[in-house]
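Participant: got a predicted model here, sequence first, then my questions.
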Amino acid sequence: CTSRAEALAHAYFALNNTRLLTTTCSFGADIDSIGCFPWDVVEVQHDVTLWGDGGRLVSVEANQVVLDKEILLSPDKTYILRIQHSETDQIKSYTVAAVYVETTTSIITITTAFDPTPVALDKWIVTETDKATKQFRLIKTTRKGDLMRTLQCLEYNPDVYVDDGTLEEPEAPDLPLYEY
């Protein structure tokens with residue numbers, strides 16, 4: 001470092017990394033399903049961690065989609081359906097119509113029209129409005145087999161780059177007392 005300010009920026013970055021980046025994930029994927037490079041920020045969805053439910057669309061009709069599995073919808077929660085359109089690779093979000101009793105269903109109705117209209121086999125994710133998929137930074141990919149890769153990711157939090165806090169300058173140590 002060439003200045004105190006630069007040293008403080010590095011210190012904030014190191015402290016924020018330790019304090020804010022606590023979750024890692026590792027998973028395998030076919031090489032044809034990977035569209036990212038190391039250091040890209042990716043979204044991870046998983047049913048076990050409650051980062052939404054996901055899968056592929058079976059069919060689409062008007063403002064309804066049929067999912068490839070059943071999901072549980074509660075009347076006291078608001079849900080978002082996100083669809084990755086296979087033609088454009090664009091992800092669109094739609095509000096799911098409310099249910100009035102706890103419902104397990106594979107048919108999802110949205111409150112507006114689809115734009116653009118999804119097609120069968122497009123990827124979908126349903127999450128509660130206040131919960132979402134989790135963002136990770138892809139750190140490393142390794143070969144798992146002929147056409148498989150293992151992706152290793154670290155939690156992404158943009159606050160690690162904020163260096164506007166205050167680090168207190170250390171106090172000068174007391175001089176030691178010697179008794180004769």
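Facilitator: Here it is on my side, so go on.
Participant: can we go C-alpha only for contacts and neighbour counts from here?
Facilitator: OK.
Participant: for the chain, what spans make up the strands?
Facilitator: Taking DSSP state E as the test, the strands found in the chain are 24-30, 41-44, 53-61, 64-73, 79-84, 91-95, 103-109, 123-128, 134-143, 148-155.
Participant: tell me the mean pLDDT over the first one?
Facilitator: Pointing back at strand 24-30 there. For strand 24-30, the mean pLDDT works out to 90.
Participant: just checking, what packs against that strand?
Facilitator: Applying 3 or more Cα pairs under 8 Å, 6 or more residues apart in numbering; DSSP states H and E, one finds that strand 24-30 contacts strand 148-155.
Participant: please work out the angle formed by the directions of the strand it packs on and strand 134-143.
Facilitator: Calculated by axes from the mean of the first three to the mean of the last three Cα atoms, to 10 degrees, strand 148-155 forms an angle of 140 degrees with strand 134-143.
Participant: show residues contacting strand 148-155.
Facilitator: Outside strand 148-155, the residues that touch it by Cα atoms under 8 Å, 6 or more residues apart in numbering are 21-31, 134-144.
Participant: equivalent analysis for stretch 73-81, please.
Facilitator: 93-105, 110, 124-129.
Participant: go ahead and build a PyMOL selection from the buried members of these.
Facilitator: Buried residues among the contacts of stretch 73-81 (16 or more other Cα atoms under 10 Å), as a PyMOL selection:
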select buried, resi 93+94+95+96+97+98+110+124+125+126+127+128
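Participant: list the contacts for the residue nearest in space to the middle of the chain?
Facilitator: Compute the mean C-alpha point of the chain, and by Cα atoms, centre = their mean the closest residue is Lys134, 2.2 Å away. The neighbours of Lys134, taking Cα under 8 Å, 6+ apart as the test, are Glu43, Val44, Gln45, Trp51, Glu155.
Participant: among the residues you listed, find the lowest-pLDDT one for me.
Facilitator: Among the contacts of Lys134, Trp51 carries the weakest pLDDT, at 75.
Participant: how close does that one get to Lys134?
Facilitator: Between Trp51 and Lys134 the computed distance is 7 Å (Cα to Cα, to the nearest Å).
Participant: that older thread, among the contacts of Lys134, name the buried ones.
Facilitator: Buried among the contacts of Lys134 by 16+ other Cα under 10 Å: Gln45, Trp51, Glu155.
Participant: right, and the second one touches Glu43 too?
Facilitator: So that's Trp51. No. Between Trp51 and Glu43 there is no contact under Cα atoms under 8 Å: 9.8 Å.
Participant: quickly list what's touching both of the two.
Facilitator: Residues touching both Trp51 and Glu43 by Cα under 8 Å, 6+ apart: Thr133, Lys134.
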